[in-house]
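>>> I would like to see how this sequence folds:
(2 chains)
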Protein chains: 2
Amino acid sequence: MSSAAASATPPARKKAKTTKKVVALAADADIVLKKVRELRKQTAKNIEAELSKTASAADYGSLKKEDLLEVDNLASPDVMARIEDIALRIAKQVLEKNHYTFTVPSRASTNQHYIKSLDRIALGSASGTRTFASVSEVRKTTITARCMELIYNVLGKGIHITKRDLFYTDVKLFVKQADSDGVLDDISTMIGCTRSNLNVVASDKGLVVGRVQFTEDGDVIDCTRMGVGGKAIPPYTDKITDIQSDAEFILLVEKDAVYMRLAEDRFYHRYPCIIITAKGQPDVATRMFLRRLKYELKIPVMGLFDSDPYGLKILSVYMSGSKNMSYDSAHLTTPDIKWLGIRPTDLNRYNLPEQCRLDMTDSDIKTGEIMIDEDFIKANPEWVKEMKIMLRTKQKAEIQALSSFGFQYISEEYLPRKLREGDWI
Amino acid sequence: MSSAAASATPPARKKAKTTKKVVALAADADIVLKKVRELRKQTAKNIEAELSKTASAADYGSLKKEDLLEVDNLASPDVMARIEDIALRIAKQVLEKNHYTFTVPSRASTNQHYIKSLDRIALGSASGTRTFASVSEVRKTTITARCMELIYNVLGKGIHITKRDLFYTDVKLFVKQADSDGVLDDISTMIGCTRSNLNVVASDKGLVVGRVQFTEDGDVIDCTRMGVGGKAIPPYTDKITDIQSDAEFILLVEKDAVYMRLAEDRFYHRYPCIIITAKGQPDVATRMFLRRLKYELKIPVMGLFDSDPYGLKILSVYMSGSKNMSYDSAHLTTPDIKWLGIRPTDLNRYNLPEQCRLDMTDSDIKTGEIMIDEDFIKANPEWVKEMKIMLRTKQKAEIQALSSFGFQYISEEYLPRKLREGDWI
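From the prediction side, this is the model:
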C-alpha cells in the first residue's frame, strides 16, 4: 500500500498542486491548438486540391480515368431506375428467345490497382459475364437476379436490412450466406453505386464522442452531451445530415478501452476534437462516417493504434480500403490519416518499460514484411522508417502499455505532448 | 422481377391501403397496451414481494441466509475504507513478525448454489487462505496485494479503468492478463463489494433506444431522440442517475440486427417500450443496466432470442448470472424475464418455412440436454415443455428467419401478434 499512503497529501498542499496542474494544462492546450491549427489549414488545402483534382485530371499512373470503375453515391430512386434498366435488358433478351446474361465487373486482384495520386485502391475495367444458360453459372445468375429483386423492394420501402436478413428471405436458393453476400458487391459494381446505396448493411460497431453535432433521422444529436459512453454510429450513415463542429481534429483510436479512457476524461473539452473508434477492425458505417467528417469539416485525422503490424493493417483499411470493396474506395477511405502513435520510435522516446514491450511472433514479422511493401506505406518515407525499426527491433506494444506510467498518462501526458510537439507523420 | 412489378400499385390504391394499415396498427396498439399493462401490474407486485422477501427471510432451501456470501453495492469511500482495513490487518501481521495471509472466499463450483426463491446462483460461505510465506502462493498473494493497491488509487482518483489497463501497470508481476483478471473477483468477495465498485470494467457493447431518459455523468440523455443508432450503454453504470420512462415494458433482444430493424422502424413509438441489446453474450454493464431499469421502473422484461440452446444460454446469463460471478448475482441478474420468442413452438405456429429451420448439431443437442437440467429452466414448466420440443424435433431457428415473410414482418406482424395474444411464458 506504499503509494496509497504516500498520496495521502494534506488538503491544502493537494489543492495548490491541483491548481498548478490546471494552469499548466490550460497553457499546454493553447500551444497544442496552435500546432493543430497549422495542420488543419494544410489539411483543408489538401482536401480542396484533392477534390478539384478528382474532378479534373488526376494522376492515374499507367491507367486512364476511364479505365477505372468507381461507383457513385446514388439516391434510392436512381438505384431503382438502374435496376429497372437491367431488368428491361433481361426481358428483351428473353423475348428475343435468347438466354439472359449479366455483365459483371471483375473484382479479382488482377483488376485492383493502387492509385498513388488518390492514395487508394480502385478497380480496373475488366469484366465477365454470368449466363443463365450455363450449367456452372445458372445458380449464381439466379441469385444475382433474386438479390436485385429483393434490393428493389427494400429501396421502395425506404428501409435498411442486414446481410443476414437478406440471406434468410430465400435460404432455399442462397443455401450459404456467403453466396448472397458475394453477389451484393457484384450488384453494386453492376449498378455503379456504393454498397450502402443498396440499403443492405452489416451490423454497427462504431462509437463517437466529442465536439460534433448532427441530425440523425430527424433527431438532433450533440456528441458533447452523450455522457461517458458516447453515441453509437448508426449503420445507416445516409440518415446523418447537417454535421456541425468546432473541433480542430479527429482522433481515431483503434481500441475501445482507449476510447473509454478519453471519453471519461472528457479529453475533447481541453483539446477540441472528435473521438471515434470502431473497436478494432472497422465496419463500413464507421469508415463512411469518418470520411464524411473529414471532408465536410475539412479537419485532419490523427490515428492512435497499437505499434504492431495488425494495428497498421487496421489503419490501412481506414486509409486505403479493403481490397474486397475497392470499387467503392472513394466513399469509404480517408486518405492522409496522420500516424500519431504508438509508433515504434515511441517505445524508446517515451521509455516504455521493457516488460510492456512484447516480442513479435513469426506471423507478426511475416505480416510486417508484407506491410512494408504495401503502397500506402511506401508512399510515406517516414512510415517506412518506422516499419523498419519495428522489424529490426522485433518489438511491439499495445496502446494500453502507456498505463504503466499511470492510468491517465495517455490523456494527461502522452497525447498533449504528442500534439504540442506536432509529433505525427 | 415479378414481385417488384406487382408492387407498382397506382398511388390512390396505395394510399387507401396505407391508411387502412395505419388504423389497424393503432387499434392493435391499444389491445397490446391492455395486455402488457396486466403483465406490468403483476411484475410490479412481484418486484415488491421479491424486495421485501430479500430483506426479511427468503427461502434459501437447505441453506441459511448467513451461509451465503452476497456482496453489497458500495460507494468508493467505503470500498477504500475496507481496503484500508485489510491493509492494517496485514501490517499488524507483519509487525507481529508473522507472514501475512489473506482470507479469500471460495468461488469453486462446489461453493455455488442456485437459490430457487431468488432465482439466481449465489456463493456459499466456504473460504481459503492465501499466504505470503508459501512458495506456491507467494506470487498470487503479491498479485492480490498489488491489485488492491492499484484499485485504491483508481478509486481515489474517481476514474474507471479496463482490466487491460490494470494488467499493463505491472506486466512484470502479472505476466498474463488472466492472472490479474482472476484476482479481481477474489478482491470483490474479500471486500464484499461488486466488481463494478472496484471501478475496473470490461469494454462496453450494449445499445439502448426507446422510451427512457436518464442523466449520464451530468448529461441528460433522451433515448427517443437517439436517431436510428441509439445510445451506447456506458461501461460505468454508476454514472447513470435519474432514470425516467413512460415505457410499459423492456424488449431485450439477443442480436443487434434485430435491434437495428426495431430501431429503424421506431417500434417504441407504437408500442411503448425500451429496446436493449448486448449484441450476443452480455457484458456486465448491459446486465446491470437492464436490472436497474427493471427494478427502478418496475416494468416487465420480454426476451427475443434465437430458438436454439445458445440463445437460451445467453438468456440464462441475463436471468441467473454466470457462475464465475455468482457472488455478485444480486446486482447483475434480472430474474423473471418473459420468453417471448422465437420459441420452439413458434416454428409451427408461425409456419416458418422448412428452409429457414436448421438442423441442430450434435453439440447443440448436447448443450440443450444440459440446459433442460438447469435450475432456471426447471423452475418454469412451460420452458421445460419448449425445450423438450426443441430436443425432440432437433430443429433450431434464428430470429432473422422471420425475414422470410418480409423484412418488416417482425415489427409489423410477429411482435404485435405476440404482444396482443400475451404469448409469453
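>>> what does the stretch 51-200 of chain A have sitting close to chain B?
By C-beta under 8 Å from any C-beta of the partner chain, the residues of the stretch 51-200 of chain A that approach chain B are A:83, A:87, A:90, A:145, A:148-149, A:152-154, A:156-157, A:159-162, A:164-172. For glycine as for every other residue, the C-beta is placed from the backbone atoms N, C-alpha and C.
>>> same thing with the stretch 301-425 of chain A?
A:Pro353, A:Gln355, A:Cys356, A:Glu398, A:Gln400, A:Ala401, A:Leu402, A:Ser403, A:Ser404, A:Gly406, A:Phe407, A:Gln408.
>>> show me the residues around the third one that make contact.
Shown here is A:Cys356, whose contacts under the criterion C-beta atoms under 8 Å, 6 or more residues apart in numbering or on different chains are A:Ala397, A:Ala401, A:Ser404, B:Tyr168, B:Val171.
>>> In helices only, show me those.
Taking DSSP state H, the ones among the contacts of A:Cys356 that sit in helices are B:Tyr168, B:Val171.
>>> What is the nearest of the contacts of A:Cys356 to B:Val220?
B:Tyr168 (34.7 Å; C-beta to C-beta).
>>> For the closest one, give me its contacts.
A:Cys356, A:Glu398, A:Gln400, A:Ala401, A:Leu402, A:Ser403, A:Ser404.
>>> ok, back up a step: with distance to A:Phe305 and pLDDT as added columns, please give the contacts of A:Cys356 in JSON lines.
Below are the contacts of A:Cys356 laid out as JSON lines (distance: C-beta to C-beta, whole Å; pLDDT from 0 to 100):
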{"residue": "A:Ala397", "distance to A:Phe305": "11", "pLDDT": "92"}
{"residue": "A:Ala401", "distance to A:Phe305": "13", "pLDDT": "89"}
{"residue": "A:Ser404", "distance to A:Phe305": "18", "pLDDT": "85"}
{"residue": "B:Tyr168", "distance to A:Phe305": "16", "pLDDT": "85"}
{"residue": "B:Val171", "distance to A:Phe305": "20", "pLDDT": "83"}
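>>> ok, of the residues of the stretch 51-200 of chain A next to chain B, which come out buried?
A:83, A:87, A:90, A:145, A:148-149, A:152-154, A:159-162, A:164-171 (16 or more other C-beta atoms under 10 Å in any protein chain shown).
>>> Counting only strands, which of those make the cut?
Under the assignment DSSP state E, these contribute A:Ile161, A:Thr162 to strands.
>>> can you give me the end-to-end distance of stretch A:227-244?
19 Å (C-alpha to C-alpha, to the nearest Å).
>>> what about the residue nearest to A:Leu74 when sequence neighbours are not counted, distance to A:Val200?
Once flanking residues are discounted, A:Leu74 sits nearest to A:Cys193: 4.2 Å by C-beta to C-beta, 6 or more residues apart in numbering or on different chains. Applying C-beta to C-beta, to the nearest Å, the value for A:Cys193 to A:Val200 is 12 Å.
>>> do the same with A:Arg120
A:Arg120 is 23 Å from A:Val200, where distance means C-beta to C-beta.
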